[in-house]
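[1] kindly generate the corresponding structure for this input.
(one chain, ligands or ions: 1)
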Amino acid sequence: MSSLLVDNIGELVTNGTGEGPLGIRRDAAVLVEEGRVVWVGPSAYAPAADRRLDAGGAAVLPGFVDSHAHLVFAGDRAAEFAARMAGEPYTGGGIRTTVGATRAATDDELRATVRRLRGEALRQGTTTMEIKSGYGLTVADEARSLRIAAESSTETTFLGAHVVPAEYADRPDDYVELVCGPMLAAAAPYAKWVDVFCERGAFDVDHARAILAAGQAAGLGVRIHANQLGPGPGVQLGVELDAASVDHCTHLSDADVDALAGTAHSDGSGTRTVATLLPGAEFSTRSPYPNARRLLDAGVTVALATDCNPGSSYTSSMPFCVALAVREMRMTPAEAVWAATAGGARALRRDDIGVLAPGARADLVVLDAPSYLHLAYRPGVPLIHQVMRNGVTP
Ligand SMILES: [Zn+2]
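    The predicted structure follows:
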């Protein structure tokens, strides 16, 4: 059995035992065997290993967990972005532009885009990335989107209810029936999760409930896009259905915050339904950011993710989202880094990632910086020196 010791770590973020909310350890080392962390402790007392990776006194943290991304698409919408920056509002209607391009693309073209973006994210420290369908919107195109997504991630999400496609514009009930029936049946073998864009102009609460319940009955976990563009019932529907995560959460009522906070375990060990904030979307649509402080102060578990997609947030960079969360949403650097690692893991109901402790997957990032603080302090700078996934450097 080959072992690897990562040592001479100046600042280790464990998200486990250690100092402060990030479980920080100084002058630390991590021993990896067969893709797993088997020991964490002071560098000076590190066990012997077959190989050694010298972190050079830099900071090491768990790989980022990006729990919300739309990577299976064709074309780009740079012109729409430019128009928006010139004053046009974002409505979500541009999704249909991408649907047309995606349907026309070959499998290999879609596969190449997923791999390119997945590689781009990996180089920026993302070791786990959820991938949604949602630009096919036919039985065959949603199934192939998920088949291709599943080649790059085990965290795949069926989002047939992204938007009502043009050919069903005047009969949305029929489209929901298609999503709940043949489309779900074709998609489910490749999907772990089901998701709905519950928003004015997309799917209303009754449609969303029907689709999510059908997905649950097919064995999929629930997530939901909710309260992005305006207030609505999506967040409370997510809590009602025990969603792993409600995503966006930009426009929340007190009752929405109470519902999220009320999912806390009776032993106080945290919440079941995570609020995933996607500041890249507000940045790229020049919209008001969600109120992260209100959620954190209410005890809600918060995750950060990129929402990487060609329309409203074409970034694959978790460090960028951390910097936005700190600068624009008043999260502390520690809260933002926790949300981008352990928070993302909770949003995917995983306890083997987002943490560096014995038993966890050996997914970690060596920064070209002495502290995690630099992720927010030095925005836009490539600080990811080395990435390890499953104990190997890709
Ligand atoms: Zn999204």
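[2] so, low pLDDT: which residues of the chain?
    1, 90-93, 263-271 (pLDDT under 70).
[3] hmm, try it at 80
    1, 89-93, 263-271, 394 (pLDDT under 80).
[4] strands along the stretch 1-150 of the chain, start to end?
    In the stretch 1-150 of the chain, the strands defined using DSSP state E, counting those that start in this stretch lie at 3-13, 24-33, 36-42, 51-54, 59-62, 64-66, 126-129, 131-132.
[5] pretty sure G18 contacts R25?
    Yes: at 4.5 Å, G18 counts as touching R25 under the criterion of CB atoms under 8 Å. Yep, even glycine has a C-beta here, placed from its N, CA and C like the rest.
[6] overlap in contacts of these two?
    L12 (CB atoms under 8 Å, 6 or more residues apart in numbering).
[7] between these two, who's got more neighbours?
    Between G18 and R25, counted using other CB atoms under 10 Å, the more crowded position is R25 (23 against 18).
[8] ok, what's across the strand from the more buried one?
    Residues in a beta bridge with R25, per DSSP bridges, are L12.
[9] distance of it relative to A362?
    Between R25 and A362 the computed distance is 16 Å (CB to CB, to the nearest Å).
[10] check T156 too.
    T156 is 23 Å from A362, where distance means CB to CB.
[11] ok, N390 next?
    N390 is 6 Å from A362, by CB to CB.
[12] looking at those two, which is more packed in?
    Remark: of N390 and A362, A362 carries more neighbours, 24 against 14, as counted by other CB under 10 Å.
[13] pretty sure that one contacts V387?
    No: with contact defined as CB under 8 Å, A362 does not count as touching V387 (11.2 Å).
[14] can you pull the contacts of the residue lying closest to Q386 once chain neighbours are set aside?
    Spatial nearest neighbour of Q386, chain neighbours left out: V366 (4.1 Å); criterion: CB to CB, 6 or more residues apart in numbering. Applying CB under 8 Å, 6+ apart, we find V366 in contact with 6, 53, 55, 58-60, 384-388.
[15] and V366, which of the three is it?
    strand (DSSP: H, G, I helix; E, B strand; the rest coil).
[16] one more: the one 10 residues further on?
    At A376, secondary structure determined by three-state DSSP is helix.
[17] which residues sit in contact with it?
    322-323, 325-327, 333, 336.
[18] name the helix or strand for the residue nearest to it when sequence neighbours are not counted, please.
    Computed as CB to CB, 6+ apart, the closest residue to A376 that is not its neighbour in sequence is V326, at 3.9 Å. V326 belongs to helix 318-329 when assigned by DSSP states H and E.
[19] list of residues touching that helix?
    Outside helix 318-329, the residues touching it (CB under 8 Å, 6+ apart) are 64, 66, 121, 124-126, 277-280, 282-283, 289-293, 304-306, 315, 331-333, 335-337, 339-340, 375-376, 379-380, 383-384.
[20] which ChimeraX command selects the buried ones in those?
    Buried subset of the contacts of helix 318-329, written as a ChimeraX selection, criterion 16 or more other CB atoms under 10 Å:
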select :64,66,121,124,125,126,277,278,279,280,282,283,289,290,291,292,304,305,306,315,331,333,335,336,337,339,340,375,376,379,383,384
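[21] check the gap between D27 and P42 for me.
    Separation of D27 from P42 (CB to CB): 6 Å.
[22] go on, F203?
    53 Å.
[23] hang on, the earlier thing: using CSV, list the CA coordinates for the helix holding V326.
    Presented in CSV, the C-alpha positions along helix 318-329 are these (Å, rounded to 0.1, in the frame of the first residue of the first chain):
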residue,chain,number,x,y,z
MET,A,318,-14.9,29.0,-6.4
PRO,A,319,-12.1,31.4,-5.2
PHE,A,320,-14.0,34.2,-7.1
CYS,A,321,-17.2,33.3,-5.3
VAL,A,322,-15.4,33.3,-1.9
ALA,A,323,-14.1,36.8,-2.7
LEU,A,324,-17.6,38.0,-3.7
ALA,A,325,-19.2,36.5,-0.6
VAL,A,326,-16.7,38.4,1.6
ARG,A,327,-16.7,41.7,-0.2
GLU,A,328,-20.4,41.9,-1.3
MET,A,329,-22.3,39.6,1.1
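[24] now that helix, how far from the centre of its chain.
    Distance, stretch centre to chain centre, for helix 318-329: 14 Å (CA atoms, centre = their mean, to the nearest Å).
[25] after it comes which helix or strand?
    Where DSSP H and E defines the elements, the next helix or strand beyond helix 318-329 is helix 333-338.
[26] what packs against that following helix?
    Judged by 3 or more CB pairs under 8 Å, 6 or more residues apart in numbering; DSSP states H and E, the packing partners of helix 333-338 are helix 318-329, helix 374-377.
[27] what's the closest of those to V139?
    For these, proximity to V139 was assessed by CB to CB; helix 318-329 is nearest, at 33.2 Å.
[28] picking that back up, looking at the contacts of A376, state which has the most neighbours.
    A336 (30 neighbours).
[29] next, the contact list for that residue, please.
    Here A336 is in contact with 304, 321-322, 325-326, 375-376 (criterion: CB under 8 Å, 6+ apart).
[30] what's the closest of those residues to L71?
    C321 (15.8 Å).
[31] doesn't G215 belong to a helix?
    Yes: judged by three-state DSSP, G215 forms part of a helix.
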